[in-house]
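take a look and give me a structure for this.
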Amino acid sequence: MSKRKRLMNVMVVCLTVLFVVSLIGCSNTAKKASTDKNFEQTIDGKLNNISNPKDYNVSISSNPYDYLKVIDSNKDYKYIVLQGEKSLNYILNKFADNNKNGLEEYIMAIACSEILKENPATKKWVSGREWYDNYVKAHK
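Numbers count the residues shown, from 1 in each chain. This next block holds a predicted model:
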């Protein structure tokens, strides 16, 4: 076999390997994007469940902590907190992407504060948006 033919065979093998590796990389990226989207939908669903409880007495409360006392809501809240940094990053991005400042944002702030192990006794915020603004200032 001539040198030129061997070189061509080596090049074809290398290009084939490169092509297969790139396909695997694309597949992994697609799986990660799908997994991230599922995670985000799960967190959003749990935040919605907490913010819109089936218990009428809780739904008329103006105290966000009351919403976390409902058994189903508490399970959803614990799930969010147990996801740790993944939940934290998603919630921080949610804050960054909008200017809302309602019950859901307050609950998101409570969860972030717990994930970050902030001392509740030093709490210096009265709304979810204020917690986020304080967090951003402290981490610039």
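
list phi and psi for the residue most central in space within the chain.
The residue at the geometric middle of the chain, judged as the C-alpha nearest the mean C-alpha position with CA atoms, centre = their mean, is Y90 (2.6 Å). Its backbone dihedrals place Y90 at phi -60, psi -40, with angles given as degrees, to the nearest 10.

what about the helices in this structure?
Counting by DSSP state H, the chain has helices at residues 3-51, 56-59, 64-69, 71-82, 85-97, 103-115, 128-138.

and the ones you listed, which is most packed in?
Highest mean neighbour count among the helices of the chain (mean count of other CB atoms under 10 Å): helix 103-115, with a mean of 22. Glycine gets a C-beta too; all of them are placed from N, C-alpha and C.

re earlier: let me know which of the helices of the chain is the nearest to A121.
The stretch from the helices of the chain with the least distance to A121 (CB to CB) is helix 103-115; that distance is 11.7 Å.

I'd like to know which elements that closest one is packed against.
In terms of contacts (3 or more CB pairs under 8 Å, 6 or more residues apart in numbering; DSSP states H and E), helix 103-115 is packed against helix 3-51, helix 64-69, helix 71-82, helix 85-97, helix 128-138.
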